[in-house]
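Enquirer: Quick one, structure for this:
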Amino acid sequence: APGAPEAKLFVCVAEAVQGLEWHAARVATPAAGAVSTFSGVTRDSFEGKGVERLEYEAYVPMAEAKLREIALGCISRGGLRVAISHRLGVVPVGEASVLIAVSSAHRGEGLDAVHWAIDELKRRVPIWKKEVYADGSTWKENAQQRRDEMGDS
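Expert: Just a heads-up that it's a prediction; the model follows:
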């Protein structure tokens with residue numbers, strides 16, 4: 001049904017995803033007084049090491065299912081419509097790997113939902129990140145490692 005929560009969300013995990021403006025337009029609705037967004041971008045350094053690129057892998061069906069759960073959580077927190085995408089493959093410095101947009105009646109609900117969504121994505125979604133450094137070394141993490149570090153089971 002058009003008013004059902006599933007009709008109000010979009011999630012994608014793929015090598016090519018739409019940009020932030022597309023995500024913002026996807027969640028726009030006349031009922032929204034705010035569209036809040038987040039763009040997670042590859043930076044050029046991490047803990048003093050030069051970063052060349054990030055590489056992402058995922059089990060796409062489970063990753064998209066977890067993103068749907070997170071998007072529904074944004075709606076339960078006052079979001080009207082939600083769009084979340086995560087890139088796979090190589091993401092060079094300066095390019096976005098994760099994009100989130102939430103429309104809401106007021107800015108507070110939208111900003112809170114976006115903040116909650118990125119934290120939950122990093123904690124729960126089975127996406128593995130490999131950082132490739134300028135000196136040739138690499139570092140890799142996954143959602144389970146993050147849960148272990150946070151003391152979750």
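Enquirer: Counting by contacts, list what the helix or strand harbouring residue 74 packs against.
Expert: Applying DSSP states H and E as the criterion places residue 74 in helix 60-76. Counting contacts by 3 or more CB pairs under 8 Å, 6 or more residues apart in numbering; DSSP states H and E, helix 60-76 packs against strand 9-14, strand 79-87, helix 107-124. Quick note: C-beta positions are derived from backbone N, CA and C, even for glycine.
Enquirer: List the beta-bridge partners for the most centrally placed residue in the chain.
Expert: Centroid-nearest residue in the chain: residue 98, 4.1 Å away (criterion: CA atoms, centre = their mean). Beta bridges link residue 98 to residue 40, residue 86, judged by DSSP bridges.
Enquirer: Touching, it and residue 91? I think so.
Expert: No: using CB atoms under 8 Å, residue 98 is not in contact with residue 91; the gap is 9.4 Å.
Enquirer: Find residues that contact each of these two.
Expert: Common neighbours of residue 98 and residue 91, using CB atoms under 8 Å, 6 or more residues apart in numbering, do not exist here.
Enquirer: ok, and the helix or strand in the chain with the lowest average confidence?
Expert: helix 143-150 (a mean of 58; mean pLDDT, DSSP states H and E).
Enquirer: From the structure, what's the count of residues near residue 112?
Expert: Residue crowding around residue 112 was assessed by other CB atoms under 10 Å; the count is 17.
Enquirer: Report the spatially closest residue to it, excluding sequence-adjacent ones.
Expert: In space, and not counting its chain neighbours, residue 112 is closest to residue 77: 6.2 Å by CB to CB, 6 or more residues apart in numbering.
Enquirer: do residue 31 as well
Expert: Closest to residue 31 by CB to CB, 6+ apart is residue 80, at 5.7 Å.
Enquirer: ok, the one you found - contacts?
Expert: Contacts of residue 80 by CB under 8 Å, 6+ apart are 8, 27, 29, 31, 32, 102, 103, 104, 105.
Enquirer: at 10 Å what do you get?
Expert: Contacts for residue 80 (CB atoms under 10 Å, 6 or more residues apart in numbering) come out as 8, 27-35, 74, 102-105, 109-110, 113.
Enquirer: In helices only, show me those.
Expert: Under the assignment DSSP state H, the contacts of residue 80 contribute 27, 74, 109, 110, 113 to helices.
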